[in-house]
Every structure is written in C-alpha cells, then in structure tokens.
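*Asks:* what shape does this take:
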Amino acid sequence: MHIRPMDVKPETPERSDPDGNERLTAGIGIVLLVLTAVQLLTVLLGVHTFMSLHVFVGFVLIPAILLKLASTGWRFVSYYTGRDAYVRRGPPRLAMRLLAPLLVAVTAVLFASGVAMGFLHGHDLAVARRLHGPASVVWLGLLGVHVLVYLRRALISGSEDVALPPREPARGAFARIGAIAAVALAGVMIGVATVPLQHHWIDLPRDHHDHESHSAD
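*Replies:* You can find the predicted model right below:
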C-alpha cells in the first residue's frame with residue numbers, strides 16, 4: 001500500500017526545510033516524553049494522592065501536544081501536496097501512517113475528557129471519566145509504539161540544534177529552540193493559572209458510583 005503524493009512541486013530553500021521540521025518534531029517529542037513519564041509516575045504512585053501534580057502536568061502538556069501535531073501535520077501536508085524536498089525524504093513508515101489518525105483522535109479524547117472532568121457533574125462527568133481512563137491506556141500504548149520506532153532517531157535529531165559545535169547545522173535552529181521553549185513556558189503558565197481551580201479535580205469522587213451513592217443519601 002503506497003499513497004502517492006500530488007505532482008512534485010519545486011521548492012525554494014526558504015519554503016522547504018524537512019531537516020528543520022524533523023528536528024522540531026524530535027525536540028518537542030522529547031519534551032512530551034519527559035512530561036508523559038511524570039504523568040505516568042503520578043498514576044503508578046496513586047493518581048488521587050498526586051492529583052494536583054497530575055492536573056498541573058496535564059495542562060503543561062497541552063501546548064506541547066499542539067506543537068507536535070502542527071509539526072507532524074506540516075510534514076504530512078508537505079509530502080502529499082508534492083513539496084519536492086519532502087517527497088525526496090520519503091513518507092513515514094506505513095505502520096506509523098496508519099496509526100497516526102488513531103493517535104490524533106485518542107489524544108483529543110484524552111485531553112478533552114481530562115479537562116472536562118473538572119467542570120462536569122452527574123451523568124456528563126461519568127461519561128467523561130469512562131472516556132478518560134480507556135483513552136489514557138490506548139494513548140500510552142500508541143505512544144509506546146512511537147517510542148520504540150522513533151526514540152533513537154529523535155534523540156539524534158533533537159540534539160542537533162543544541163550540540164556544541166552543531167554536527168550538521170540547519171537554518172532556523174534558534175527559531176526551533178525558541179518555539180519549544182515558548183510552548184513549554186506557555187504550558188507552565190497555563191498550569192499555574194489553573195492551580196486555583198484544581199479543587200475541581202482533586203475533590204472528584206473516586207469513581208462515578210461513589211458520586212451516585214452520595215447523591216442517593
């Protein structure tokens with residue numbers, strides 16, 4: 001199975017930079033991996049005990065997730081619209097292309113349900129919780145596949161812009177570093193801004209059955 005891109009379009013160097021795109025994707029991917037490891041640790045140690053940290057890191061993740069989706073989406077669009085440099089680089093692995101739509105959908109469900117749980121009540125809250133738990137399991141599974149496939153490549157590409165001296169200089173290094181720093185800062189600011197609201201998540205009953213039993217009393 002091979003989906004052919006549209007007719008190849010010649011690109012000027014200013015508009016076509018697959019090396020820079022790969023380094024940006026790798027750099028923000030490493031940031032996401034570290035933050036996800038912290039989230040997983042809060043779950044393993046007891047999410048109700050570490051709910052405050054779990055919520056904080058969840059909000060920090062959101063801008064980084066958006067940048068990752070933007071960078072990978074740009075490569076997808078560039079390849080299938082026939083940008084010459086991206087076509088020469090070739091498509092992602094077939095398995096990863098097939099998993100990508102599922103990963104995007106599960107990511108949307110996971111974070112949307114996680115945020116919504118702090119503001120919903122009753123039946124709507126129960127639905128959000130039923131979605132959030134399974135979505136987190138599927139998301140971690142898909143992420144694990146990506147880590148197995150791309151980790152070595154990501155570590156090499158992600159370190160190119162900060163290596164001293166750079167092993168293979170590529171234009172836009174400062175812009176990429178700035179973009180990653182900006183989304184990290186934005187995430188921290190969002191997380192800090194939501195600290196006063198954390199009681200909405202911390203005070204959630206342990207499951208919707210608890211909520212229903214309290215309502216019946």
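*Asks:* how much space separates the closest residue to L110 other than its chain neighbours from L33?
*Replies:* Leaving aside its sequence neighbours, L110 sits nearest to A135 (CB to CB, 6 or more residues apart in numbering; 4.1 Å). In this view, the C-beta of every residue, glycine as well, is placed from N, C-alpha and C. According to CB to CB, to the nearest Å, A135 stands 18 Å off from L33.
*Asks:* ditto for H199
*Replies:* Separation of H199 from L33 (CB to CB) stands at 30 Å.
*Asks:* please apply the same query to R153.
*Replies:* R153 is 13 Å from L33, by CB to CB.
*Asks:* repeat for A186
*Replies:* With CB to CB as the criterion, A186 and L33 are 18 Å apart.
*Asks:* pick out whichever of R153 and L33 has more residues nearby.
*Replies:* L33 (16 against 12; other CB atoms under 10 Å).
*Asks:* so the more buried one sits right up against V147, yeah?
*Replies:* Yes - counting by CB atoms under 8 Å, L33 does reach V147; the two are 6.7 Å apart.
*Asks:* okay, buried residues for the lengthiest helix in the chain please.
*Replies:* Ordering each helix of the chain by length in residues (DSSP state H) puts helix 122-160 first. If you call a residue buried by 16 or more other CB atoms under 10 Å, then helix 122-160 has these buried ones: 125-126, 128-129, 131-132, 135-136, 138-139, 142-143, 146, 150, 154, 157-158, 160.
*Asks:* which element is the residue sitting nearest the centre point of the chain on?
*Replies:* The centroid of the chain falls nearest to I65 when counting by CA atoms, centre = their mean (3.1 Å). Per DSSP states H and E: I65 is located in helix 51-80.
*Asks:* quick check: mean pLDDT across that helix?
*Replies:* Averaging pLDDT along helix 51-80 gives 94.
*Asks:* repeat that for stretch 172-183.
*Replies:* Mean predicted confidence for stretch 172-183 is 90.
*Asks:* buried residues, it. List them.
*Replies:* Going by 16+ other CB under 10 Å, stretch 172-183 has these buried residues: G172, A173, R176, A179, I180, V183.
*Asks:* for it, what is the distance to the chain centroid?
*Replies:* Average the C-alpha atoms of stretch 172-183, do the same for its chain, and the two points are 17 Å apart (CA atoms, centre = their mean, to the nearest Å).
*Asks:* what does that stretch rub up against?
*Replies:* Around stretch 172-183, the neighbours that count as contacts under CB atoms under 8 Å, 6 or more residues apart in numbering are 17, 20, 23-24, 27-28, 31, 63-64, 66-67, 161-162, 166.
*Asks:* now the two most distant members of those.
*Replies:* Largest separation among the contacts of stretch 172-183 by CB to CB: L66 and P166, giving 27.0 Å.
*Asks:* give me the more crowded residue out of the two.
*Replies:* The residue with more neighbours, out of L66 and P166, is L66; 16 against 12, by other CB under 10 Å.
*Asks:* the closest residue to that one other than its chain neighbours and G118, how far apart?
*Replies:* Take L66 and drop its neighbours on the chain: the residue closest to it by CB to CB, 6+ apart is V183, 7.4 Å away. The gap separating V183 from G118 is 22 Å, by CB to CB.
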